[in-house]
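Asker: Show me the folded form of this:
(4 chains)
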There are 2 protein chains.
Amino acid sequence: MASMKAPAASPRYTIGRAAEVSGVSAKMIRHYEAIGLIPKAGRTAGNYRTYGDNDVHTLRFIQRARTMGFSMKQIATLVSLWRNRSRSSASVQRLAREHIKELQTKIESLQAMVRTLSDLADACHGDARPDCPILEDLARAPGTTRRQEQRG
Amino acid sequence: MASMKAPAASPRYTIGRAAEVSGVSAKMIRHYEAIGLIPKAGRTAGNYRTYGDNDVHTLRFIQRARTMGFSMKQIATLVSLWRNRSRSSASVQRLAREHIKELQTKIESLQAMVRTLSDLADACHGDARPDCPILEDLARAPGTTRRQEQRG
DNA sequence: GCTTGACCTTCCCACCGTGGAAAGGTTGAT
DNA sequence: ATCAACCTTTCCACGGTGGGAAGGTCAAGC
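Answerer: Numbering: from 1, shown residues only, chains lettered A, B, ... in the order given. A predicted model of the protein is given here:
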């Protein structure tokens, strides 16, 4: 490796810098290390953690996976798949599709809540009087006839 | 109605029975009491908590509000509005509409995740080869820094 | 009586993901 | 030498829920 302009065996970042450039807070970087999601960082003589470009790259990967709503556990798998050059794209796709299903399930249950609440809020006259279908519904005994609430 | 309405002065439930009929676990009933969401339960001579019909009714109210996705804080407000006979239906409606907005925001962000992931999963051939647009996307730097080409 | 087992009590620990804060050490610049 | 900005570890909190330990209570059976 006699390359002159070489990226200098990757610059070292402190945790604060790594946080800045990766978008993961210093707090969370330490946490990820503690739970074994990322390897233990190297240390300076003064016991400061140091990070290189590839560490930062990993952190960005994790960060982006978080914005996609993957759990820590799923991310651990994703990271190891990412690192494993002999992975199959099928395994990654499977994980993604499973996560999509989870997301859709969550979306549906939230939508059901919205439907119910919207109906109730619409039925509520919303003035100074105390009568309120929303409270009446919440107070209703289970088993009472309900209108819509269930998709389909 | 001058006659006695109750054949028995409101049956008393143990926490386990109250949990059964309200759908709130005994664990959570104690928790709700601890955080002041419900008043401290009465006790028997043997220090057991006792609950009456109205307590159970409140628990069911809380339970139903949970299934609608209201937070504990919102539920605390709802319960007090429910108890307060001079509330305005407008205040309840406002709370509900705010919650609906929160739910919709959450739904939208989940839907964005689904969209992104679905696109990526569709673009992934999903076979034994390691090439995978999903990982490539997660690894992609937001700024630029496209150092480590993952098979361009 | 006494034992058994189901129930209750309190208390502490865990999860996930994140942030806050205390109390101290290191670094780099003045 | 001092000061500010950074780093270190450790503990605590949130929302909500569950698990379990160690002990008390109660109703039933023998």
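
Asker: Identify the single longest helix in chain A, thanks.
Answerer: Looking across chain A with DSSP state H, the single longest helix is helix A:89-123.

Asker: So which elements touch the helix or strand following that one?
Answerer: Sequence-wise, the next helix or strand downstream of helix A:89-123 (DSSP states H and E) is helix A:133-139. With contacts taken as 3 or more Cβ pairs under 8 Å, 6 or more residues apart in numbering or on different chains; DSSP states H and E, helix A:133-139 sits against helix A:89-123, helix B:53-67, helix B:72-83, helix B:89-123. From N, CA and C alone the C-beta is placed, and that goes for glycine too.

Asker: Switch those helices over to TSV; also include mean neighbour count.
Answerer: Below are these laid out as TSV (neighbours: other Cβ atoms under 10 Å in any protein chain shown):
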stretch	mean neighbour count
helix A:89-123	17
helix B:53-67	19
helix B:72-83	17
helix B:89-123	17
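
Asker: quick one: the longest helix of chain A to helix A:72-83, angle?
Answerer: Taking axes from the mean of the first three to the mean of the last three Cα atoms, to 10 degrees, one finds helix A:89-123 and helix A:72-83 inclined to each other by 150 degrees.

Asker: Tell me what angle helix A:89-123 forms with helix B:53-67.
Answerer: If you take the same axes, to 10 degrees, helix A:89-123 sits at 130 degrees to helix B:53-67.

Asker: shaky segments in chain A?
Answerer: Scanning chain A for pLDDT under 70 picks out A:1-10, A:141-152.

Asker: what residues does it put near DNA strand D?
Answerer: Residues of chain A lying near DNA strand D by Cβ under 7 Å from any atom of the strand: A:Thr14, A:Ile15, A:Gly16, A:Arg17, A:Ala26, A:Arg30, A:Ala41, A:Asn47, A:Tyr48, A:Arg49.

Asker: Could you list which residues are in contact with whatever residue of chain A ends up closest to DNA strand D?
Answerer: Relative to DNA strand D, the nearest point of chain A is A:Gly16 (2.2 Å; Cβ to the nearest atom of the strand). A:Gly16 makes contact with A:Ala26, according to Cβ atoms under 8 Å, 6 or more residues apart in numbering or on different chains.
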